[in-house]
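Enquirer: dropping a prediction and its sequence here:
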Amino acid sequence: MLLQTVAAAWLMATLSTPAASQNSRYHAPQARRHFVSISYDWQYTQPMGFGAHPLEDLLGRRVSEAHLQSFNYRTEDGLTLIDVLEFSKRGQGIGVTIYPFGSSEGPTLAVRGSIEQLPAVRVTFDGPAPSSSYAFTNGRSYDVGAGVDVSDRSPGWGLGSHAFLLGGIGRAQADERDGRRYFAEAGGGLAVGPIGVDVSVKVAVNRFTLPVPHRFMTIPISVRGTLTF
């Protein structure tokens, strides 16, 4: 009986040892780190506070919106009528995001540079004004920003996700003028392997000095195709 007991114990120990060894050596596959992401953006831009900026800045007087009229805005004294001939909303952009410490799982530093189209703006003034019209055409922004990217990437061609929050500065250039700008941007998206789709919202303030110091604010909403490696 003792011999049988010892033999049975030895057999159980022999069968269980390889399994334990295999379990101790098993590790779930990890997503490799990504360091660069290249993107192409399709943008839809909305103005923000257009009556205050740039119209009130340009005229030096308070402006109110007009409804059911042949013009869009008027000054409070009624002397100047303002017609917004154009504010183009669709545009494109390109960008590169660098992750200096790599992006795989969890938060990491993100540094992004981008070139984006700015809306074409054309306005006419009927009444006292610094000039009879205002135009901002063929505008481009050149932005650099930094922030935090939080990723949950999957190994291989698995489905992963990420979200980001950035802030930065840039230059706005057009046919008639150029100036400075600053912005904040937030968004996120999904990726399958190196290919992804993001959605982002960017609030930007553009400042200019001609014909008088003024600014206008834009909110581009972007659908962004990405290639990350």
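Expert: Perfect, I can see it now.
Enquirer: can you count the residues close to the closest residue to Val121 other than its chain neighbours?
Expert: Leaving aside its chain neighbours, Val121 sits nearest to Phe136 (4.2 Å; criterion: C-beta to C-beta, 6 or more residues apart in numbering). No exception for glycine: its C-beta is placed from N, CA and C like everyone else's. When neighbours are defined as other C-beta atoms under 10 Å, Phe136 has 22 of them.
Enquirer: for the chain, which segments are assigned as strands?
Expert: Assigned by DSSP state E, the strands in the chain fall at 34-48, 63-65, 73-75, 81-87, 90-103, 105-117, 121-126, 133-136, 140-152, 159-173, 178-192, 195-208, 214-228.
Enquirer: mind putting those strands into TSV with distance to Asp57?
Expert: Output for those, formatted as TSV (distance: least, C-beta to C-beta, whole Å):
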stretch	distance to Asp57
strand 34-48	14
strand 63-65	10
strand 73-75	13
strand 81-87	13
strand 90-103	23
strand 105-117	23
strand 121-126	12
strand 133-136	10
strand 140-152	19
strand 159-173	15
strand 178-192	12
strand 195-208	9
strand 214-228	3
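Enquirer: show me what contacts His34?
Expert: The contact partners of His34, by C-beta atoms under 8 Å, 6 or more residues apart in numbering, come to 99, 102-104, 153, 194, 228-229.
Enquirer: one more time with 10 Å, if that's ok
Expert: Applying C-beta atoms under 10 Å, 6 or more residues apart in numbering to His34 gives the contacts 97, 99, 102-104, 108, 149, 151, 153, 160, 162, 191, 194, 228-229.
Enquirer: now swap in Ser131 and tell me
Expert: 58, 124-125, 211-212.
Enquirer: just Pro155 next, same as before
Expert: Counting by C-beta under 10 Å, 6+ apart, the residues that Pro155 touches are 28-32, 104, 193.
Enquirer: write the PyMOL selection for whichever of these are buried.
Expert: Applying 16 or more other C-beta atoms under 10 Å to these leaves a buried subset, and the PyMOL line that selects it is:
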select buried, resi 31+104+193
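Enquirer: so which of the contacts of Pro155 is the closest to Val223?
Expert: Gly193 (19.3 Å; C-beta to C-beta).
Enquirer: picking that back up, helices - which of the contacts of Pro155 land there?
Expert: Using DSSP state H, no member of the contacts of Pro155 falls within helices.
Enquirer: export the contacts of Pro155 to a markdown table and tack on pLDDT and distance to Ser200?
Expert: Formatted as a markdown table, those follow (pLDDT from 0 to 100; distance: C-beta to C-beta, whole Å):
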| residue | pLDDT | distance to Ser200 |
| --- | --- | --- |
| Ala28 | 62 | 31 |
| Pro29 | 71 | 29 |
| Gln30 | 77 | 27 |
| Ala31 | 80 | 22 |
| Arg32 | 86 | 24 |
| Ser104 | 92 | 21 |
| Gly193 | 90 | 21 |
